[in-house]
Structures are given as structure tokens and as C-alpha cells.
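# Structure, please.
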Amino acid sequence: MGFAQSIKVCLSKYVVFSGRATRSEYWWFVLFVILCNIVFSILDRAVFGTNPETGEGTSVFNPLFQLAVFLPMLAAGWRRLHDTGRPGWYLLLPMALGFATMIALLSGVAVFSVLEGGVDDPEVLRGPAAFLGVTGMIVVWVLQLVLTVMMIWWLTRPSEEGANAYGPPAA
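Next up is the predicted model:
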């Protein structure tokens, strides 16, 4: 499958999470999204400029494009994992880890805030809080790295021969 055909197929299957997607279909579409992100970032900078004080640019076109292709990218990845014989929901694992990390961090801040109110010297808790926070972030970073490498590995695997639990091979 070529570049243009891959884009047509992925956009025509905007929210189709069933079936299978070949390696070329998925990776050509990923390349399309990356190239469009670059173009829209340049366009944002050219049209809206940058703030002279902060040097940051205003982004309008790129976030709109990313929002528009979020579901097709998710669906294409989902179908790609199906093509390798894996459940599509595995694609959500890195996002689930990020969400769980956010909840853990907020819970840790809340717990240590409550604990600070119950001790005479709150400075005593700063060391353990920092240790737990840094250790937790290192563990999450390692897990995120492992999940990212696994996801790339799974998405680059060859298609399963013949029909699998998710349907016949993609054309």
C-alpha cells in the first residue's frame, strides 16, 4: 500500500476499530501525520508569529489538526495491533500509565499536606516526600520507556498469516 492510498484508507476508516491494518497502511499514515504536524507548526509560526517577550508561538492550526486525526490514528493503531494478533486496547497502556501517575502524584501531595498539619515540624516530612516522589517518577519513567519500546516493537511486527481472531488479512 502506498502513501496516498494509506491516507485514504485510514481517513475513510475514521473510527473503525475492527479489522486489521497492514504495516504499510499504518506507518505511511504515521508519516503523513508527522509531516502535517511539521507543516502546521511552521504555518502557525508564520501566521501568528511569536511573543517577543517569551519567544513562544501561538498554535492554532496544529492543535486543530491533531484533534482531527486523533481518532483515525487511534483506530489505525488499534487495527495494526489486531493485524499482529494482539488486542487493540494494548495501545491504551501508555496513556493509562500516565493517568495513573497523575492520580498517584495528586494523591501523594494530598496525603503529605494532611500529614503536615498533624506534626509539630512539617520540615521533617519534606525528605520522605521528596524521596517517594523522585523514586516514583523514576519507576514511572522506566515503565513508560518499556511500554513505548514494546508498543513500537508490536506495531512493527509482520502481519499474521491468514485469518486471525480479528478477521481476514487486510487487503
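# Give me the neighbour count for residue 27.
If you count neighbours by other C-beta atoms under 10 Å, residue 27 ends up with 17. For the C-beta atoms, the positions are set from N, CA and C on the backbone; glycine is no exception.
# Wait, a helix at it?
Yes. Counting by DSSP: H, G, I helix; E, B strand; the rest coil, residue 27 is found in a helix.
# Okay, and the residue nearest the centre of the chain sits in which element?
For the chain, residue 95 is the residue whose C-alpha lies nearest the centre (C-alpha atoms, centre = their mean; 6.0 Å). Assigned by DSSP states H and E, residue 95 belongs to helix 93-117.
# what does residue 9 give?
helix 3-12.
# Could you give the average pLDDT over that helix?
Mean pLDDT, computed over helix 3-12, is 93.
# Going forward, count from 32.
Got it, first residue is 32 now, which makes that one helix 34-43.
# show me where the chain has helices.
Counting by DSSP state H, one finds helices in the chain at the ranges 34-43, 54-79, 92-114, 124-148, 154-186.
# can you tell which of the ones you listed is closest to residue 200?
Residue 200 lies closest, by C-beta to C-beta, to one member of the helices of the chain: helix 92-114, at 7.5 Å.
# hmm, back to that, could you list the buried residues of the helix holding residue 126?
By neighbour count with 16 or more other C-beta atoms under 10 Å, helix 124-148 contains the buried residues 125, 132, 143.
# do the same with stretch 100-112
Neighbour count says stretch 100-112 has 100, 103, 104, 105, 106, 107, 108, 109, 110, 111, 112 buried, by 16+ other C-beta under 10 Å.
# circling back to that earlier point, tabulate the helices of the chain in TSV, adding columns for distance to residue 195.
Putting the helices of the chain into TSV (distance: least, C-beta to C-beta, whole Å) gives the following:
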stretch	distance to residue 195
helix 34-43	19
helix 54-79	15
helix 92-114	8
helix 124-148	20
helix 154-186	14
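# Out of those, flag the one nearest residue 196.
helix 92-114 (8.2 Å).
# what separates residue 86 from residue 124, distance-wise?
According to C-beta to C-beta, to the nearest Å, residue 86 stands 35 Å off from residue 124.
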